[in-house]
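> here's my sequence, what's the structure:
(one chain, ligands or ions: 3)
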Amino acid sequence: MINQVYRLVYPGQFEVTYKPRTINSDKVIIRPKFLSVCNADQRYYQGKRDASVLEKKLPMSLIHEGVGEVVYDPKEEFEVGQPVVMIPNLPIEQDDHMDENYLRSSRFRSSGYDGFMQDYVFMRHDRLVPLFKELDIHTAAFLELVSVAMHGITRFNFKSHDRKQTIGVWGDGNLGYITSILLKNKYPESEVVLFGKTKRKIEYFTFIDKSYLINNIPSDVEIDHAFECVGGLGSEMAIEQIIDCIKPQGSISLLGVSEDPVEINTRMVLEKGITLFGSSRSGRNDFVDTVDFLEQNKEVISYLNHLVTKVVTINNIDDIRHAFEEDQVSAWGKTVLEWKI
Ligand SMILES: NC(=O)C1=CN([C@@H]2O[C@H](COP(=O)(O)OP(=O)(O)OC[C@H]3O[C@@H](n4cnc5c(N)ncnc54)[C@H](OP(=O)(O)O)[C@@H]3O)[C@@H](O)[C@H]2O)C=CC1
Ligand SMILES: O=C(CO)[C@H](O)[C@H](O)COP(=O)(O)O
Ligand SMILES: [Zn+2]
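Ligands and ions are numbered 1, 2, ... in the order given. Predicted coordinates for the structure are as follows:
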């Protein structure tokens, strides 16, 4: 068969390419149904990556957040029509001390390897996790982002000391929202405090215990641990504030992606004995944990639903560009693509 793959060829410009594929392989064939735009995709679309990175990675199909339906499974492990979440990380080896998403040999869709913007995606069995029926499909589109927060929290659990009275989250966007709601449910005894930039965005975080605007943090605020969910240039200021507010021997979980190196006050990291650790992407275990967690904590799904602010139907390449433009001007939440192309 000939598969149509929709690739970004230059910033702002998508083109269709035709890729011959055989259905006589061991891969499951998935029809993408709902996809969601990540900041990483926007950085490619807007040409915000370094010219050498764009030169190396493009042309490439974008999008690594998405759900689809099984069209064909040669092993018949999945039912035809079964809804599944697609895992964008593609490990080719195992290591007892490294998670699949940190192995330098792993590939990642929409970062140097074609993403989900295709007519059909050919996937290994272990790269798919079945969904349960109560999971709203628009929300499921960005399960990958939820799994990233889940992964960060799993690592936080074994890297941080046990006093978790107050956990600070910096970043009033998607990742900050998801991380805060997961923390609130996983650590119900902890006080989850949001540090945000915009009052109107902070108001969406109805489930947190306390919030501060970053330009008005009282000098006596203290936290045991922190999550940085900002990224970009803003992460420098966020890390500086975290180091100021955190109690000695607290942990800082870094999740935001910055294109340029950010300055960190290492003297105070040393003096306070802070544990700084970064988390990137997620693997199969995180997806399974996320789906299981949502199945057992269904009230969390309705909070996540609030992030679905735009659903754009995609019938052609112009619609893809339109969706990326709409996402760019969106003040809050996730843009979901209903994949009908
Ligand atoms: N580690 C990983 O695997 C992953 C990392 N990411 C990264 O996480 C980051 C956040 O993603 P996402 O939530 O989707 O992006 P958003 O843009 O939705 O969220 C970032 C939010 O932080 C706010 N902000 C800016 N500066 C500060 C500050 N100093 N303190 C507190 N808040 C601040 C921004 O406000 P404003 O817009 O007004 O500036 C914005 O609301 C990005 O860099 C993204 O690439 C995303 C997915 C996975
Ligand atoms: O969004 C992400 C995971 O969900 C990561 O930020 C993304 O994988 C980083 O990739 P790149 O190096 O291409 O920016
Ligand atoms: Zn992403």
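> can you tell if stretch 193-206 touches ligand 1?
Yes: Stretch 193-206 reaches ligand 1 (Cβ under 6 Å from any ligand atom) through F195, G196, K197, T198, K201. From N, CA and C alone the C-beta is placed, and that goes for glycine too.
> quick one: which of the residues you listed is most hemmed in?
Using other Cβ atoms under 10 Å as the neighbour test, the residues of stretch 193-206 next to ligand 1 are led by F195, with 28 neighbours.
> in the stretch 201-341 of the chain, which residue sits nearest ligand 3?
Per Cβ to the ion, R281 is where the stretch 201-341 of the chain lies closest to ligand 3, at 7.5 Å.
> doesn't that residue lie inside a strand?
No: assignment of R281 by DSSP: H, G, I helix; E, B strand; the rest coil gives coil, placing it outside any strand.
> that one: how many residues sit nearby?
Using other Cβ under 10 Å, R281 is surrounded by 21 other residues.
> in this structure, what residue is nearest ligand 2?
S111 (3.1 Å; Cβ to the nearest ligand atom).
> wait, that residue touches R43, no?
No: when contacts are counted by Cβ atoms under 8 Å, S111 is not listed as touching R43 (10.0 Å).
> re the thing from before, phi, psi for the residue of the stretch 201-341 of the chain closest to ligand 3 please.
phi 60, psi -160 (degrees, to the nearest 10).
> report the contact partners of the closest residue to I92 other than its chain neighbours.
Distances taken as Cβ to Cβ, 6 or more residues apart in numbering put S105 closest to I92, at 5.5 Å, once the chain neighbours are dropped. By Cβ atoms under 8 Å, 6 or more residues apart in numbering, the contact set of S105 is P91, I92, E93.
> excluding chain neighbours, what is closest to the last one?
Leaving out its chain neighbours, the residue that sits closest to E93 by Cβ to Cβ, 6+ apart is S105, at 5.6 Å.
> between the contacts of S105, which sits nearest A149?
Set against A149, the nearest of the contacts of S105 by Cβ to Cβ is P91 (20.5 Å).
> check the gap between the residue nearest to I92 and E144 for me.
Distance, S105 to E144, by Cβ to Cβ, to the nearest Å: 20 Å.
> close to ligand 3: what parts of the protein are there?
Proximity of the chain to ligand 3, by Cβ under 5 Å from the ion, involves residues C38, A40.
> which stretches of the chain form helices?
39-45, 51-57, 137-140, 143-159, 174-186, 199-202, 234-245, 266-272, 284-296, 298-305, 317-329 (DSSP state H).
> for D73, find the nearest of those helices.
With Cβ to Cβ as the measure, helix 284-296 is the member of the helices of the chain nearest D73 (17.3 Å).
> does anything pack onto that closest one? Which helices or strands?
Packing partners of helix 284-296 (3 or more Cβ pairs under 8 Å, 6 or more residues apart in numbering; DSSP states H and E): strand 128-130, helix 143-159, helix 298-305.
> can we see that at 6 Å?
strand 128-130, helix 143-159 (3 or more Cβ pairs under 6 Å, 6 or more residues apart in numbering; DSSP states H and E).
> let's have those in JSON lines, adding mean neighbour count.
Shown next, in JSON lines, are these (neighbours: other Cβ atoms under 10 Å):
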{"stretch": "strand 128-130", "mean neighbour count": "19"}
{"stretch": "helix 143-159", "mean neighbour count": "22"}
